[in-house]
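*Asks:* all I have is the shape, not the residue letters:
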């Protein structure tokens, strides 16, 4: 099968989630991604064996899925000899991608100015916390950056604590923004031969996670920054309602014929005739009463019964599923949003997160889960970098490679 | 200034914020994006349009051109198909049946335009029984499993809207890699991302963990339900606490051995307190006691105090802010994440900028959203070769506006 990024070589000098997942996108679509890791332990993400205090399965799912389709070379970049190896990789690569801080990269002699000496066409990509300029450089994690954007503070019922959008939610977004930037730079370089610097920061990406609301706030709608109750939404037909077991999300326009259909589906003739709810304006005006009335009806039935009734009436709604439902969702499997992959660590096929973008002629693939630390070091030193065996022995002797 | 996509001509057949913004991202990096507005549509006819700043359109349609056509007329549909035969990219969120009816589906267009990259945001993906469900982000989010996990216990599930924003970036990425493939081979193709996939992707760490834990492990209940902030797995990481002025703080310091000696005195706990002097004691044995101590400690001082402490000690921790914070944050302005502009009708405004920095081909802000039909004549002339007379005819017949 043809691959969209065939022939693109990426040096992936990243740790944890945002940087690795950005490179994963490139690898999934055919780029040759070589993960550069410190020989002493490698990417810290290799150590994540639990989530929410739960030991997770019997294989290293956190690291192996984010780093699928990649090779690994172990180099001690604190040593000049290690840097020399990396410079030779840069000569032979299209993209250098790192989510270490620009200051640290500079200290390691891996700044753009340094690397571009070895490859004038290089695309040099950082994933900073707070942006490439402006002077702020401090430790950044998904949640501490999400906190600054205002996106958390507007979620949840009024008076409740702010809502974090979920583990890795912002990293994943920074990762795809970064991949988009890299791809755009590759497209440009293919035309012009010019490389450049690219940065996709956690802060910049996460400001877009709440883009519709932030933009509304910028236009002077200050209440866009605040929490809003589901008991007071202007259109009661577009809202969350509790079933007796699960919640359902009702997504209908506030129009008379849709309201009539909804009442019929719920067997609620009295609501359909209620003077307070006779027009879309009346329903908006009496939203609190209507939401309470609908809630009283939905909470008597299971989500399955509600879904069946809604489907029969042509009402648009979905049960609010949990992860146990999703992993069984046929739609997710049919579209390769979940896939199977062979896991060396446990010698069996495992279920993995798949490909959220579908390309009809160059679909993504999962050929292998994440590499063992340094597994490709010698092969890459010989085949890609053209070192003789004696030189490799010397690099080993000084500890530049294990 | 050069732009990365200046050789790309794109057709924007979008209605939704997320897909319109994908097309805007292409325009930001230099693509010529022509947006089709149906002359019968509300947007084209609404006289109140100019009374207040249309902040939405000035974000999601910036840098685009507008062509207004009557899609109810055969002549209007013919013009649209002529244009579609010439473009490099189509971005759409229309339902497949609508596209087929207008002969604007991929199969209909690719025959004459084999290099076409045809990109669509769907609700639930191109395959499977639900492929033609409407593309509504709330429906997709509800299916993705994440909503029940986000609130505090006994609170309603939370819809964030972030899934649609993931879809924006995923589709833009898909378009560009398809264009890279076309550079090599000349071949176009279809690109699809769905709101369902995008919502799942936002929850990818949890979902992957759930896949690995397995369905039969009784522990997995903790993955399905909200976890109280007073039961967080690591009191120093992923946790939130209220401060004295009601603003919340959040900590991400998973390596508690490293940070405890700095954090403990700052919140008034003895660093050597026997209950908390190892990582295991902090995160396992006396986890709940530590959460309680931190809850008390952070309430002794206001948010501003904590921000200063976190900054001085270089802690990965911060205050949870509202939108007013990024709006006045010089870091945001310096990186062009929010722009100051002078709007021709509304004067000085702030609008969301560009999430990606490129040194050689930066994103541009050429123009705000076009008025409906602002570029109709120009597009028909430049791209389709119609004469002034032809265009006048179309106009008088009501085919264009």
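*Replies:* That came through fine. The model shown is predicted, which means the values in this text are computed figures rather than measured ones.
*Asks:* confidence score at the closest residue to residue A:43 other than its chain neighbours?
*Replies:* Setting aside the residues directly before and after it, residue A:43 is nearest to residue A:15 in space (C-beta to C-beta, 6 or more residues apart in numbering or on different chains), at 4.8 Å. Bear in mind the C-beta positions are built from the backbone N, C-alpha and C, glycine included. Note for residue A:15: predicted pLDDT of 96.
*Asks:* what's the answer for residue A:52, then?
*Replies:* Looking at residue A:52, its pLDDT reads 83.
*Asks:* with residue A:137 instead?
*Replies:* So residue A:137 comes in at 81 (pLDDT).
*Asks:* next one: residue B:43
*Replies:* On the pLDDT scale, residue B:43 is placed at 50.
*Asks:* tell me how far residue A:128 lies from residue A:172.
*Replies:* 17 Å (C-beta to C-beta, to the nearest Å).
*Asks:* ok, now residue A:165?
*Replies:* Note on residue A:165: its distance to residue A:172, by C-beta to C-beta, is 10 Å.
*Asks:* could you verify my assumption that residue B:401 touches residue B:373?
*Replies:* Yes. Here residue B:401 reaches residue B:373: they are 4.5 Å apart, a contact under C-beta atoms under 8 Å.
*Asks:* circling back to that earlier point, quick check: neighbours shared by residue A:165 and residue A:172?
*Replies:* Common contact partners of residue A:165 and residue A:172 (C-beta atoms under 8 Å, 6 or more residues apart in numbering or on different chains): residue B:202.
*Asks:* leaving out sequence neighbours, find the closest residue to residue B:144.
*Replies:* Residue B:144 sits nearest to residue B:199 (C-beta to C-beta, 6+ apart), 3.8 Å away.
*Asks:* give the helix, strand or coil label for that neighbour.
*Replies:* helix (DSSP: H, G, I helix; E, B strand; the rest coil).
*Asks:* tally of neighbours for it?
*Replies:* The number of residues packed near residue B:199 is 30, by other C-beta atoms under 10 Å in any protein chain shown.
*Asks:* same deal with residue B:115?
*Replies:* Residues lying near residue B:115 (other C-beta under 10 Å) number 15.
*Asks:* quick one: the helices in the stretch 101-250 of chain A?
*Replies:* Along the stretch 101-250 of chain A, counting by DSSP state H, counting those that start in this stretch, helices occupy A:102-107, A:112-116, A:142-149, A:169-192, A:202-207, A:211-218.
*Asks:* returning to what we had before: who are the contact partners of the residue nearest to residue B:144?
*Replies:* Going by C-beta under 8 Å, 6+ apart, residue B:199 touches B:137, B:140, B:141, B:143, B:144, B:146, B:162, B:163, B:166.
*Asks:* tell me which element the last one is part of?
*Replies:* This points to residue B:166. Here residue B:166, judged by DSSP states H and E, is contained in helix B:162-185.
*Asks:* got the angle between that helix and helix A:142-149?
*Replies:* For helix B:162-185 against helix A:142-149, the angle by axes from the mean of the first three to the mean of the last three C-alpha atoms, to 10 degrees is 110 degrees.
*Asks:* does chain A sit close to helix B:162-185?
*Replies:* Yes. Using C-beta under 8 Å from any C-beta of the partner chain, helix B:162-185 reaches chain A at B:162, B:165-166, B:168-174, B:176-181, B:183-185.
*Asks:* among the residues you listed, which ones are buried?
*Replies:* Buried by 16 or more other C-beta atoms under 10 Å in any protein chain shown: B:162, B:165-166, B:168-174, B:176-181, out of the residues of helix B:162-185 next to chain A.
*Asks:* can you map out the strands along the chain?
*Replies:* By default, I'm working from chain A. Using DSSP state E, the strands of chain A run over A:9-13, A:32-37, A:50-51, A:54-55, A:70-74, A:95-98, A:123-126, A:196-200, A:238-242, A:247-251, A:317-319, A:338-343, A:348-353, A:357-359.
*Asks:* not quite, go with chain B.
*Replies:* Using DSSP E, strands in chain B cover B:9-13, B:32-38, B:64-69, B:89-92, B:117-122, B:189-194, B:237-242, B:248-252, B:317-319, B:338-343, B:347-352, B:356-358.
*Asks:* got these as JSON lines, with mean neighbour count, distance to chain A and mean pLDDT columns?
*Replies:* What follows is the strands of chain B, written out as JSON lines (neighbours: other C-beta atoms under 10 Å in any protein chain shown; distance: least, C-beta to the nearest C-beta, whole Å; pLDDT from 0 to 100):
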{"stretch": "strand B:9-13", "mean neighbour count": "23", "distance to chain A": "13", "mean pLDDT": "98"}
{"stretch": "strand B:32-38", "mean neighbour count": "23", "distance to chain A": "14", "mean pLDDT": "97"}
{"stretch": "strand B:64-69", "mean neighbour count": "24", "distance to chain A": "16", "mean pLDDT": "97"}
{"stretch": "strand B:89-92", "mean neighbour count": "27", "distance to chain A": "12", "mean pLDDT": "98"}
{"stretch": "strand B:117-122", "mean neighbour count": "27", "distance to chain A": "9", "mean pLDDT": "98"}
{"stretch": "strand B:189-194", "mean neighbour count": "28", "distance to chain A": "4", "mean pLDDT": "98"}
{"stretch": "strand B:237-242", "mean neighbour count": "21", "distance to chain A": "6", "mean pLDDT": "97"}
{"stretch": "strand B:248-252", "mean neighbour count": "25", "distance to chain A": "4", "mean pLDDT": "97"}
{"stretch": "strand B:317-319", "mean neighbour count": "25", "distance to chain A": "4", "mean pLDDT": "97"}
{"stretch": "strand B:338-343", "mean neighbour count": "14", "distance to chain A": "7", "mean pLDDT": "97"}
{"stretch": "strand B:347-352", "mean neighbour count": "16", "distance to chain A": "5", "mean pLDDT": "97"}
{"stretch": "strand B:356-358", "mean neighbour count": "24", "distance to chain A": "4", "mean pLDDT": "98"}
